[in-house]
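> no sequence for this one, just the structure:
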Ligand SMILES: Cc1ncc(C[n+]2csc(CCOP(=O)(O)OP(=O)(O)O)c2C)c(N)n1
Ligand SMILES: [Mg+2]
């Protein structure tokens, strides 16, 4: 903790709080049916996006999956454009055509979120090949879940990236479930970070609920990849608090227990950072209030502007979706 400057820690706190409170607000508003999109909430996983993306520049590329709100915010995305996208408005980051699972904002380096499990993995490797061919010191990052590790394309992409020494980081957020299917029912060994060592990629396992650990441990990995060392694989261990999609608890479905959920909630990434910051007097109660008020006002403003923004013109719906002749 001491090795991270207070200013950076406070910023990590602000980013995580923005992601958390935004997820909570979406959960609250979603039943009103104004958002005509499935939503996959990132609640509980905030430390990964915040700690990792703190080392990225806006021209580094980030490829996300359908659980991408946190990735977009942490990459320096536009909160109002994200919320407008959930409401299908023209002012949304994907001009209202994509919804929650298909966020795109090239100005922030978010090259696209995808609803296809593992779909963005080879694309991220391709982007890294372009960086290498252009001799640019940029990195390409792809976030995916433990479920995506079951897709063959990961192995092909890692093999190619190692062979060509590409500046790509394969970042797996292992929350131990793919929808209702536990990791142990799909993978004989709990070893995602080591699983591709046979291809020659270095793998690291990081506790994904500890933002200081994420920040410190990913710093050197990202710097190495940027410096030309070749690709890296990271497995973050974390837990999804809500149901797979749509928010709310899904413990009644029977695939996981309330005890397990409670155990992970006690390891809340946001609260543990807050406690440490207060203990170390980096965050005072007054500062905390100020940050919370600011973050909440920004979120309220984003929702207010989204619901009063126009929808895309009906005659223009396929614009930006299909290639223009
Ligand atoms: C190629 C493909 N297969 C199946 C699905 C259906 N599906 C949607 S999400 C999901 C689970 C993925 O779990 P994981 O990668 O662990 O990510 P998490 O939802 O836990 O963040 C599946 C199987 C899909 N969208 N794409
Ligand atoms: Mg998962």
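Here it is on my side, so go on. Every value quoted in this text rests on a predicted model; they were computed, and no experiment measured them. Ligands and ions are numbered 1, 2, ... in the order given.
> List the contacts of the closest residue to ligand 2 within the stretch 151-300 of the chain.
When distances are taken as CB to the ion, the stretch 151-300 of the chain reaches nearest to ligand 2 at residue 175, 4.3 Å away. Every C-beta, even on glycine, is put in place using the N, C-alpha and C of the backbone. Shown in contact with residue 175 (CB atoms under 8 Å, 6 or more residues apart in numbering): 44-45, 145-146, 238-240.
> In strands only, show me the residues you listed.
residue 145 (DSSP state E).
> just curious, which of the contacts of residue 175 is nearest to residue 166?
residue 145 (21.7 Å; CB to CB).
> From ligand 1, how far off is the closest residue in space to the closest one that isn't next to it in sequence?
In space, and not counting its chain neighbours, residue 145 is closest to residue 173: 5.7 Å by CB to CB, 6 or more residues apart in numbering. Counting by CB to the nearest ligand atom, to the nearest Å, the separation of residue 173 from ligand 1 is 6 Å.
> from memory residue 173 sits against residue 144, does it?
Yes - between residue 173 and residue 144 there is a contact at 7.3 Å, judged by CB atoms under 8 Å.
> List the buried residues in stretch 273-286.
273-274, 276-277, 282-283 (16 or more other CB atoms under 10 Å).
> same question, stretch 157-164
157-162, 164.
> Check stretch 18-28 too.
Buried, per 16+ other CB under 10 Å, within stretch 18-28: 18-23, 25-27.
> Report the mean per-residue pLDDT for that stretch.
For stretch 18-28, mean pLDDT is 98.
> is that stretch up against ligand 1 anywhere?
No - using CB under 6 Å from any ligand atom, stretch 18-28 stays clear of ligand 1, coming no nearer than 13.2 Å.
> give me every residue that touches residue 53.
So residue 53 contacts 15, 62, 71, 74-76 (CB under 8 Å, 6+ apart).
> got a list of contacts for stretch 196-208?
45, 47-48, 154-155, 158-159, 161-162, 170, 173-174, 192-195, 213-214, 217-218, 221, 230-238, 269.
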